[in-house]
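In: have a look; sequence and predicted model below, questions after that.
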Amino acid sequence: MSGTPRNTAAVADWNLDPADADACERLARTLSAAGHDQVDSPEWVARARDAWDELPLPLRRAVRRFRRHSGPHGTLVVGGLPVDRTALPPTPAVPGSVQRRATVQAALLTMVACGLGEPLAYRAEKSGALVQDVVPVPGQETFHGNAGSVPLSFHTENGFHPHPPDYVVFLCLRADHDRVAGMRVAGIRRALPLLTPADREALFAPEFITTPPPSFGPGPGPGPDADAANGRGAEPRGVLSGAAEDPDIRMAQLVTTPLTPRAAAALAEFGRACEASARTLRLTPGDLVVLDNRVTVHGRTAFQPRYDGADRWLQRTYVTTDLRRSRDHRPHDGHVLAR
């Protein structure tokens, strides 16, 4: 694979060569040339899907290999993607900020999402936008979600939902002023050996309830969908599932409740194992992060926003490897899950 490897003290696994970064930017600018609010349209996503095949081979090869097996950390970080910092608008500072307009950054995220599978969104979160802003919001400093700036505990994305994303993709547009904000990631392949056989057995048992995170807005009106959205009547499930030697995770420390004493003890041990095996990624503009949401939990360290238009700014999109399996949740066979 071409590209520039980084040393172990740096964030990215490797950097795009400048020539490949220029090729990415030219392709993304072609996709965003119309300048209309079109990121969420099926036609624009279809164009991004076709454009994926034109991205430089090193990037496509890295994503393809990661898709087959996400490695010991369940994380891929590629540096050097094009972000024109001089042309960026001020960092958004309003609740629910999303990216509807086809920008270079939105095009890059969507093309990578199409290389991994299909982009996905949830109507109850960020108004169902496919490309979402992760920014600090005034007055929401202590909010346990993407608008806050206090520490964010370990979680998989939307583990309460029958169709959680398989991957989460982030692109850093701006770092925080003090360069202290870190994305914390921990993978089951590193954490599992730190657990006892008894803890593993308990984590596989259906003795946990996970409810929606605070980032999800009000659910639908009375009825089964409202109960599901609020966690009422949720079916107990294991934090771990699948192969005993390489399991999947569904867990959010804030909203996963153990139902038995052994489940509570095992969940606490799992949290400690994640802490012991975690890495902290301090992202810089142009860093692309792909998280395998099936085997990785992530969180965030605290930072101090200034609300001056130059605060930390990430953009995020969700990806599913099998769009068909959620067809009953997606009106008109679109990319947004309505329930």
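Out: Arrived safely, thanks for sending. Numbering: from 1, shown residues only.

In: neighbours of Pro197, how many?
Out: 8 (other CB atoms under 10 Å). Placement of C-beta: from N, CA and C, glycine included.

In: actually Thr301, sorry about that
Out: So Thr301, with other CB under 10 Å, has 16 neighbours.

In: look up the pLDDT of the residue of the chain most remote from its centre for me, please.
Out: Note on the chain: the largest C-alpha distance from the chain mean falls to Pro261, namely 31.0 Å (CA atoms, centre = their mean). You'll see Pro261 listed with a pLDDT of 98.

In: next one: it from Arg101, what distance?
Out: 51 Å (CB to CB, to the nearest Å).

In: Asp178 too?
Out: 29 Å.

In: who's more crowded, the two?
Out: Arg101 (14 against 11).

In: element containing that one, please.
Out: Taking DSSP states H and E as the definition, Arg101 sits outside all helices and strands.

In: could you do Gly271 as well?
Out: Judged by DSSP H and E, Gly271 forms part of helix 261-277.

In: what's the next secondary structure element after that helix?
Out: strand 279-281.

In: quick one: list the elements packing against the next helix or strand after that following strand.
Out: Once the chain leaves strand 279-281, the next helix or strand it forms, by DSSP H and E, is strand 288-292. Here strand 288-292 touches helix 57-68, strand 75-79, helix 104-116, strand 167-174, strand 183-187, going by 3 or more CB pairs under 8 Å, 6 or more residues apart in numbering; DSSP states H and E.

In: how about 10 Å then?
Out: Helices and strands touching strand 288-292, by 3 or more CB pairs under 10 Å, 6 or more residues apart in numbering; DSSP states H and E, are helix 57-68, strand 75-79, helix 104-116, strand 167-174, strand 183-187, strand 296-300, strand 313-320.

In: so for Leu130, which of those sits nearest?
Out: The closest of those to Leu130 is strand 313-320. By CB to CB, the value is 5.8 Å.

In: which other helices and strands contact whatever helix or strand comes next after that closest one?
Out: Downstream of strand 313-320, the next assigned helix or strand under DSSP H and E is strand 336-337. If contacts are counted by 3+ CB pairs under 10 Å, 6+ apart, strand 336-337 sits against strand 118-122.

In: just checking, next helix/strand downstream of the strand it packs on?
Out: strand 132-134.

In: kindly export the next helix or strand after that following strand (C-alpha atoms) in CSV.
Out: Per DSSP H and E, the first helix or strand lying C-terminal to strand 132-134 is strand 152-155. Coordinates of each C-alpha in strand 152-155 appear next as CSV, following Å, rounded to 0.1, in the frame of the first residue of the first chain:
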residue,chain,number,x,y,z
LEU,A,152,-18.1,10.9,27.1
SER,A,153,-18.2,7.3,28.3
PHE,A,154,-17.6,4.3,26.2
HIS,A,155,-20.5,3.2,23.9
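
In: got the contact list for strand 152-155?
Out: 143-146, 183-186, 191, 210, 213, 249-256, 270-271, 274-275, 278, 293, 296-302 (CB atoms under 10 Å, 6 or more residues apart in numbering).

In: just the buried residues out of those residues, in ChimeraX syntax.
Out: Here is the ChimeraX command that selects the buried residues among these (16 or more other CB atoms under 10 Å):
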select :143,144,145,146,183,184,185,186,191,210,213,249,250,251,252,253,255,256,270,271,274,278,293,296,297,298,299,300,301
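
In: pLDDT weak spots in the stretch 101-250 of the chain?
Out: For the stretch 101-250 of the chain, residues meeting the criterion pLDDT under 70 lie at 217-233.

In: same thing but 90
Out: Residue ranges of the stretch 101-250 of the chain with pLDDT under 90: 144-146, 213-235.

In: hang on, Pro58 packs against Asp17?
Out: Yes: here Pro58 lies in contact with Asp17, judged by CB atoms under 10 Å, at a distance of 7.4 Å.

In: want to throw the helices and strands packed on strand 288-292 into CSV with distance to Ala21?
Out: Supplementary listing: the helices and strands packed on strand 288-292 in CSV, determined by distance: least, CB to CB, whole Å:
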stretch, distance to Ala21
helix 57-68, 9
strand 75-79, 9
helix 104-116, 10
strand 167-174, 13
strand 183-187, 22
strand 296-300, 25
strand 313-320, 17
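
In: quick one: closest of the ones you listed to Arg306.
Out: That would be strand 167-174 among the helices and strands packed on strand 288-292, by CB to CB, at 11.7 Å.

In: remind me what the closest one packs against, helices and strands.
Out: For strand 167-174, the packing partners by 3+ CB pairs under 10 Å, 6+ apart come out as helix 57-68, strand 75-79, helix 104-116, strand 132-134, strand 288-292, strand 296-300, strand 313-320.

In: could I get these as a markdown table with distance to Ala124?
Out: As requested, those are exported to a markdown table (distance: least, CB to CB, whole Å):
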| stretch | distance to Ala124 |
| --- | --- |
| helix 57-68 | 27 |
| strand 75-79 | 27 |
| helix 104-116 | 20 |
| strand 132-134 | 13 |
| strand 288-292 | 21 |
| strand 296-300 | 21 |
| strand 313-320 | 13 |
